[in-house]
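Participant: can't give you the sequence, but here's the structure:
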C-alpha cells in the first residue's frame, strides 16, 4: 500500500467520524513535522494549514514541558481538541452542543484502531512520498476480516481490472449472486434489565433496514459480532428502543455477550447480518 492509499483510508475514516458524530464540524490529521496527512471532505487545506501554523509555538515548547498528548481550546461557539495518535496528531472541531464524552469515545477508539490496522498492511505508513517504499505482501483472505478490508479489496480489484487483458475479461461470465455481506463498525453500549434476553443485542433499526434491503427485504434476525483480536459470536438482534442511541453507531449488548467476547462498554466491534439463519 502506498501513501496515496494510506491517505485515502485516513480521509475515509475522518469522514466516517463526522457521519457518526454530526456535532463534529471539522477534523484532520497532521504529522509531528507539521505535514498534513488528510482532512475530511468539508475542511479546506487553507484552514488546516492555518491551524497547524498556530500550534507551532506550542509544540516548540514541548521539549521543555514534555510531549504534548492532548490540548483543548474552548470558545463561545465550540471546542478545538488536538490529541496525539502514535507519531501524528488528530484535530477535531466540535459545536458547543457536542457530547464530548461521546466524541472522545469515537475518536479515541476508531482512529487508533484504523491506524493500527493500516500499519500492519503498510510497512511505513507515515513515510514521506519522496522516500522509497516497500510494498509488503499480505494475505487478502486474512485482511478481509478487518475494518479496512473493503478499501484494500476495492483498490486491489481496481488494479487487477486495469491490468487485465481483453481475453481475460471475456472469460468472466456474469452470474446472479448475493451481494457481499456488509460489515458495520459499532461502539458497545451496555444493555441490561430484568426482562432483557442474554443472547440478544440491539442495533439501530436504520442499519437493520439497510441490511434487509440488500437481500430482497429479508428479515434480519441474527447477527455475527467480531472483535479486532479475532473473537466472534452469533446473537439474535432487535432494533434499539432508546431514541437517544439512534443514528450514533451504537450496539447495545448484554453483559453475557460482552464477557464472551472479552470486551466492555466503549470498545469497537464489527457486526454483520446472518442471512437465512434466523429462527
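Facilitator: Happy to help now that I have it. If you're wondering where the values come from, they're calculated on a predicted model, not measured in any experiment.

Participant: can we go C-alpha only for contacts and neighbour counts from here?
Facilitator: Fine.

Participant: wait, what's in contact with the residue nearest to residue 219 when sequence neighbours are not counted?
Facilitator: Closest residue to residue 219 apart from its sequence neighbours, by Cα to Cα, 6 or more residues apart in numbering: residue 212 at 6.0 Å. By Cα atoms under 8 Å, 6 or more residues apart in numbering, residue 212 lies in contact with 218-220.

Participant: list the buried ones in stretch 238-245?
Facilitator: 238-240 (16 or more other Cα atoms under 10 Å).

Participant: by mean pLDDT, point me to the weakest helix or strand of this structure.
Facilitator: Taking mean pLDDT, DSSP states H and E as the measure, the chain has helix 140-143 as its least confident helix or strand, at a mean of 42.

Participant: picking up where we left off before, quick one: the residue nearest to residue 219 is in a strand?
Facilitator: No - counting by DSSP: H, G, I helix; E, B strand; the rest coil, residue 212 falls outside a strand, being helix.

Participant: and it, how far is that from residue 22?
Facilitator: According to Cα to Cα, to the nearest Å, residue 212 and residue 22 sit 25 Å apart.

Participant: please apply the same query to residue 210.
Facilitator: On the measure of Cα to Cα, residue 210 and residue 22 end up 20 Å apart.

Participant: those two - which one has more neighbours?
Facilitator: Higher neighbour count among residue 210 and residue 22: residue 22, with 16 against 12, using other Cα atoms under 10 Å.

Participant: can you confirm that one is in a helix?
Facilitator: No - under three-state DSSP, residue 22 sits outside any helix and is assigned coil.

Participant: before we move on, what's the pLDDT of it?
Facilitator: At residue 22, the model reports a pLDDT of 85.

Participant: where do the strands sit along the stretch 1-150 of the chain?
Facilitator: 24-31, 36-39, 70-74, 78-85, 88-95 (DSSP state E, counting those that start in this stretch).

Participant: in a markdown table: the ones you listed, plus mean neighbour count.
Facilitator: Rendered in a markdown table, the data for those read as follows (neighbours: other Cα atoms under 10 Å):
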| stretch | mean neighbour count |
| --- | --- |
| strand 24-31 | 22 |
| strand 36-39 | 22 |
| strand 70-74 | 12 |
| strand 78-85 | 18 |
| strand 88-95 | 21 |
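
Participant: lowest-confidence stretch among the ones you listed?
Facilitator: strand 70-74 (a mean of 82).

Participant: run through who's touching it.
Facilitator: Here strand 70-74 makes contact (Cα under 8 Å, 6+ apart) with 79-84.

Participant: how far is stretch 105-112 from where the chain is centred?
Facilitator: 8 Å (Cα atoms, centre = their mean, to the nearest Å).

Participant: domain map for this protein?
Facilitator: Following automatic domain parsing, one gets these domains for the chain: 3-121, 184-274.

Participant: ends of the last one, what's the gap?
Facilitator: Right, the one you point to is domain 184-274. 13 Å.

Participant: and it, how far out from the chain's middle?
Facilitator: Distance of domain 184-274 from the chain centroid (Cα atoms, centre = their mean) equals 16 Å.

Participant: ok, stretch 110-120 next?
Facilitator: Using Cα atoms, centre = their mean, the offset of stretch 110-120 from its chain centre is 9 Å.

Participant: average pLDDT for that stretch, rounded please.
Facilitator: 77.
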